[in-house]
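Peer 1: got a predicted structure plus its sequence, pasted below:
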Amino acid sequence: MAVDQEGRIVGVVVYGLLGDSPGIASLGVVRDRRCEGIGTRLKQGVMARFAAEMGAGAKVFSEVHRNNGPMLAINDKLGVKRELNPDNRAHWLCAVEVEPEP
């Protein structure tokens, strides 16, 4: 969760294990606080946590609607690979391999 200086929640991320695989189920930032890097920091935080808990080579998965330009841009910036979901071509299946901090 991301909280501003006044204590207001400005971003949230829902994540956990999807079967045996780490995944992000949802990530959102309040509309008037977008484009400030909040979503990027939330996703980086989840990636770092999974890397620390699961070790080198762990992959973090998510699914993103093909029209969700802001999340696709965050994923591109973070090196997330994607392919169209064969079961729902309106969504990208996304994955990134994470490494623990040295």
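Peer 2: Thanks, I have it.
Peer 1: use CA for all of it now, contacts and neighbours both
Peer 2: OK.
Peer 1: just the strands in this structure please.
Peer 2: Listed in chain order, the strands of the chain (DSSP state E) span 2-3, 9-18, 21-29, 58-65, 81-85, 88-98.
Peer 1: state the distance from the residue positioned nearest the centre of the chain to residue 88.
Peer 2: Among the residues of the chain, the smallest C-alpha distance to the mean C-alpha position (C-alpha atoms, centre = their mean) belongs to residue 43, namely 4.0 Å. Here the distance between residue 43 and residue 88 works out to 23 Å (C-alpha to C-alpha, to the nearest Å).
Peer 1: which helix runs longest in this structure?
Peer 2: In the chain, taking DSSP state H as the definition, the longest helix is helix 38-54.
Peer 1: just want the angle from it to strand 9-18.
Peer 2: Computed with axes from the mean of the first three to the mean of the last three C-alpha atoms, to 10 degrees, the direction of helix 38-54 lies at 30 degrees from that of strand 9-18.
Peer 1: tell me which residues touch residue 51, please.
Peer 2: Shown in contact with residue 51 (C-alpha atoms under 8 Å, 6 or more residues apart in numbering): 57, 58, 98, 99, 100, 101.
Peer 1: please repeat the previous calculation with a cut-off of 6 Å.
Peer 2: In this structure, residue 51 makes contact with 98, 99, 100, judged by C-alpha atoms under 6 Å, 6 or more residues apart in numbering.
Peer 1: sounds good, over and out.
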